[in-house]
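> fold the stuff below for me.
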Amino acid sequence: MSLDHIAQKILFLFISQGIIVLFLYTIYQKDQTNHNNEKIQDLQNKYENIYRYHKDVAQLFYREFMEKEEVLETIHSFSATLHSQDLLENTLQPFYKRVASAGFRKLQIHSQSKTSLVNFYDNQSGHYSLSPTRSSVDKISKLRYPIHEFEQGLDFSGLVNIFPLSYKKEFIGSIEFSATIEDFNQKISNNFQIDTAIIVSAAFIGTTTERAEEQSNFQVSALSHYFYEPKNKPTTNILNQKVIELINQKINQEYQLNLLKQEAFVKNIFLLNTVYSVVFLPLFDINQEAIGYLVAYSKDRKVIEDIYRNVFYYILINLILITTVSVYFYQRKHKQMNYIKDILDSQENMIVITDGHEAKELNQRVLEFLNFKSLEEFKQFHECICDFFIQEKGYIYPDKQKRWIHFLFDNSKEHRVKMLDKQTQQERIFLLRMTKLKFKHYYVINFIDISHFEAERNELEKVSVTDKLTGQLNKAKFQTDIAVRLEKKEPFSLIMYDIDHFKDVNDTYGHQRGDEVLKRISNIVRENTRESDCIYRWGGEEFFIITQSSNKQLEMLTEKLRQKIEQCYFFEIGQITCSFGITQSKIDDTLDSIVKRVDKSLYRAKNGGRNRVCKS
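Now for the predicted structure:
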């Protein structure tokens, strides 16, 4: 063997080792990223589970409270006297015991003027202003819809659930069911048997560090001096407390910058021949401002397993590499080609070797997909696999000279083809990856089946343009679609409709009944329009329809929808009607102009007595 051959082998081995190490490291990093994302999502799910529990239970207590007519009447006519306060406290004492047994530390009723009428928390009650320190009370008095968020309060910091109170359709104040940060953390820890902690910023529990240190139920966190933690911690202790203290010291020394970013992240800590995973999930307050983290500690065996696996793969790949090199240098050409053929046939992906015009080799997966027994049989009827490409926008399709390989040289974007599986008669989508061989100017084309991922992506795209409640298209989709139509100068008609007296439905029967009305009317409209008609929820009880119907057909369609809705009976509510505005596009229309025009038509229908169609 010549020195040149030896030098080539050594060079090849060095290069190949670098590629293998880089490849395995990339896989390891990707696996760790995916694994960390899964751990973050798992903690997010646990958090949302307990969050929903508090929210749902608070909702049940709220509904029960709203049935206490005598209490609501007392609140409505409340006077700031000791007698009125004692009356409320005595009346609600049994109710508070049930609320407390469900995990809520605090029950408080606020007046319309944002004062505390009664406050069950450590036997404290009073009559004082809440406006300077309680943004949730101030917010609900203005917007009057339920609030479920973390907030810093006069008594404690925690998860608040505040609901508007009304008596005879008049807003009279709000009721609050709150759990402390300690209770919330304990419930996560107990329910899922994990070691957790909640750390919050000084800004959340007090405006200054000095004030934060005065909070009797908080102390500086062992994780970071920028954060504080409740003195009462969960008692689950799946891990040894000493281990958790060592982990906290490690994070305090090395990962302060990560904590200040207020983003979800995972850190793996090596201690005592064991890998521990610490997951940080950011928490947000009523104003969607980051207030701290939910932290979860656990052992993580997967990190070590991944290292062992990559060592195994390194050895395995090197064994295969050595074998391949031996075959490459010592076997004759036809044995070499047979070996390559065996490798190709063992792949899950379809692989084609071509010179750019004619197929030179097809692996077994390709033959099975196209329903051929051999390459020779394939060549009797076809020269190129491109004969099976389906012509469709967004996918590669050969021209008359069957030139398609040159598209793959453009590495700036991904290239896809669509083909029909001859066995299942289903269309499949493939991502193409090309490698140019050094000999004979051959190309290896790897067909990676991404049909499943494309289906998921299409579903995600559908979700992103769909209104979750009604199933109709959303406002963003409306703005996109109508802009495209206006740009193309294609004539179309626009219908805008609004549910009459919908606010009264929500106020009288509740938002759940209101949601049912929205969904029912959406179904009626969908059932009585053509498939080509596009229905959009603009917001609240307002909807748009883009249709190709015009003139008399447009008026007939809109009148039909109006009658169908009018004839429908809604449980407990009875009859509900809608008002409609219609218009047709003009050559110089803009999004703003056509929406304003149809909105004016709807406005006339509303002012004209509702339950009618007006045209502009």
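
> contacting residues for Phe150?
Neighbouring residues of Phe150 by Cβ atoms under 8 Å, 6 or more residues apart in numbering: Ser157, Gly158, Leu159, Val160, Ile181, Phe204, Leu283, Phe284, Asp285, Ile286, Ile291. In short, each C-beta sits where N, CA and C put it, glycine included.

> return the subset of those residues lying in strands.
Ser157, Gly158, Leu159, Val160, Leu283, Phe284, Ile291 (DSSP state E).

> the second one and Lys46, how far apart?
Going back to what we said before, that points to Gly158. The spacing between Gly158 and Lys46, counted by Cβ to Cβ, to the nearest Å, is 18 Å.

> could you dump the ones in strands among the contacts of Phe150 to TSV with pLDDT, distance to Val275 and neighbour count?
Shown next, in TSV, are the ones in strands among the contacts of Phe150 (pLDDT from 0 to 100; distance: Cβ to Cβ, whole Å; neighbours: other Cβ atoms under 10 Å):
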residue	pLDDT	distance to Val275	neighbour count
Ser157	76	33	26
Gly158	83	33	23
Leu159	88	32	24
Val160	89	38	26
Leu283	91	26	21
Phe284	88	30	13
Ile291	88	29	25
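
> with distance to Lys55 added, can I get those in CSV?
Shown next, in CSV, are those (distance: Cβ to Cβ, whole Å):
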residue, distance to Lys55
Ser157, 18
Gly158, 14
Leu159, 9
Val160, 11
Leu283, 15
Phe284, 15
Ile291, 18
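
> just the contacts of Phe150 now: which is nearest Lys615?
The closest of these to Lys615 turns out to be Ile286 (Cβ to Cβ; 44.8 Å).

> assumed Glu361 was part of a strand.
Yes - Glu361: assigned to a strand according to DSSP: H, G, I helix; E, B strand; the rest coil.

> and His148, what element?
In this structure, His148 sits in strand 147-152 according to DSSP states H and E.

> let me fix that, I meant to ask about Leu92.
helix 82-101.

> in its sheet, what does the helix or strand that comes right after that helix sit against?
Counting by DSSP H and E, the next helix or strand C-terminal to helix 82-101 is strand 106-111. Partner strands for strand 106-111, per DSSP bridges, with pairing direction: strand 116-120 (antiparallel), strand 170-180 (antiparallel).

> before we move on, the earlier item: now what about the helix holding Leu92, what contacts it?
61, 64-65, 68, 70-71, 74-75, 78, 107, 109, 117-118, 120, 125, 127, 177.

> now with 10 Å, please.
Residues from elsewhere that reach helix 82-101 (Cβ atoms under 10 Å, 6 or more residues apart in numbering): 57-58, 61, 64-65, 68, 70-71, 74-75, 77-79, 81, 104-109, 116-121, 123, 125-127, 175, 177-178.

> can you flag the buried ones in the residues you listed?
57-58, 61, 65, 71, 74-75, 78, 104-109, 116-121, 125, 127, 175, 177-178 (16 or more other Cβ atoms under 10 Å).

> and stretch 450-457, what's its mean pLDDT?
If you average the pLDDT over stretch 450-457, you get 78.

> with distance to Gln425 and mean pLDDT added, can I get the strands paired with strand 106-111 in TSV?
Putting the strands paired with strand 106-111 into TSV (distance: least, Cβ to Cβ, whole Å; pLDDT from 0 to 100) gives the following:
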stretch	distance to Gln425	mean pLDDT
strand 116-120	68	85
strand 170-180	57	89
